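# Sequence first, predicted coordinates after that:
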Amino acid sequence: MTLRGRSVVSINDLNDDEILLILDTAVRMAELAERDEHPDLLGGWVLANLFFEPSTRTRLSFESAMKRLGGDVIGFSEGGSTSAMKGETLADTVRMVSGYSDAAVIRHSREGAARMATQFATIPVINGGDGAGQHPTQTLLDLYTIRKAFGKVEGVKCALVGDLKYGRTVHSLAIALARFGAQLTLVAPEALQMPPEILRALEERGVRPRVETALAPVIPEADVIYMTRIQRERFPDPEEYARVAGSYRLTVDALKGAKAHAIVLHPLPRVDEIDAAVDATAHAKYFEQALNGVHVRMALLALLLRGEEILKEIGGQRAA
Ligand code: NCD
């Protein structure tokens, strides 16, 4: 099946071959960018960025990706400036936007919002984060970054650390890592453990992650230490947040026992979970990870809007 015209709401909307094709195409996009070549794959196409929740990287990297391919972007960066404030439903907004653009990225505080949008949209819908649900394009760039560091995902020991309950990035990432055969360790305070439905999805893949509450014992074994922010905005009770805030803090000292090749990732923004001094170490890959997001989103947009025919234009190869 072609990627052309498809929506990406959950990471499971893409099969393994499709994920690999997107990642391989992203490698090609990065190579071209390196040579200052900007293929005009999406000239005349319009992307709508519908961001009802705050965003820096996701919104700007989609915008950058679209523009680097010659396309245009419309949209908003806060729901407060839209007719949603007048009571317009998401369904109506999405219906309108289908006429104004060729694909839409939607970020919303409500889990399931992006899936619901696909029912009313006549264009591809990309989930840019739905509440505590999923964040599949972050997962694609996380996989890209892990592959770039280790040449593969299979067998790579990944520790997902922090807010595994409300963190949408780790929900889609855990599923993808399990699908590609990574070894998973989940590190979270008791109150912020991975939701049962994600654990069930992992189990269906035959993956039983190691579960820890302390970070220190995990550091020496990990190839990837994936830190996350405690998702303050999703806590029903501020006191509950106060109890777990600052649960983990990765420092240069703590990383002394890490493998030489271990990489530290973070979807960003960070609050205090990675000490700024870590930035200067060779382990720190989170800023590079964010940059990779542009190439991955270029690949995704080009494939969803025009399909595999773009590969001929950029000299890319179909994934095996
Ligand atoms: C994440 C998100 O919005 O889920 N940010 C991102 O897109 N890189 C992570 C977070 O907000 O903690």
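In hand now; what should we look at? The model shown is predicted, which means the values in this text are computed figures rather than measured ones. Residues are numbered from 1 along each chain as shown.

# who in the protein is up against the ligand?
Residues of the chain found near the ligand (CB under 6 Å from any ligand atom) are R57, T58, G129, H135, Q138, R168, T169, R229, P267, L268. C-beta: built from backbone N, CA, C; applies to glycine.

# go with 5 Å
Within the chain, the positions lying close to the ligand (CB under 5 Å from any ligand atom) are R57, T58, G129, H135, R168, T169, R229, P267.

# thought the first one was touching L268?
Spelled out, it's R57. Yes. R57 is within contact range of L268, at 6.1 Å (criterion: CB atoms under 8 Å).

# Which neighbours do these two have in common?
Contact criterion CB atoms under 8 Å, 6 or more residues apart in numbering; residues shared by R57 and L268: A290.

# what's the helix or strand harbouring T185 in contact with?
When secondary structure is defined using DSSP states H and E, the element that contains T185 is strand 183-187. The set of residues external to strand 183-187 that reach it, using CB under 8 Å, 6+ apart, is 155-162, 164, 174, 177-178, 193-194, 202, 207, 209-215, 218, 221-222, 248.

# redo that, cut-off 6 Å
Applying CB atoms under 6 Å, 6 or more residues apart in numbering, the set of residues contacting strand 183-187 from outside is 157-161, 164, 177, 194, 209-212, 215, 218.

# same thing with stretch 241-258?
For stretch 241-258, the external contacting residues (CB under 6 Å, 6+ apart) are 161-162, 189, 191-192, 215, 219-220, 227, 230, 232, 235, 272-275, 277-278, 283.

# In helices only, show me those.
The helices, defined by DSSP state H, take in nothing from the contacts of stretch 241-258.

# Could you give the bridge partners of the closest residue to S55 other than its chain neighbours?
The spatial neighbour of S55 that comes closest, neighbours along the chain excluded (CB to CB, 6 or more residues apart in numbering), is R107 at 5.7 Å. Here R107 shows beta-bridge partners F51, assigned using DSSP bridges.

# Got the confidence number for R107?
The confidence metric pLDDT takes the value 97 at R107.

# So V153 sits against A182, correct?
Yes. Distance between V153 and A182: 5.2 Å, which falls inside the contact criterion (CB atoms under 6 Å).

# Right, I'll leave it there.
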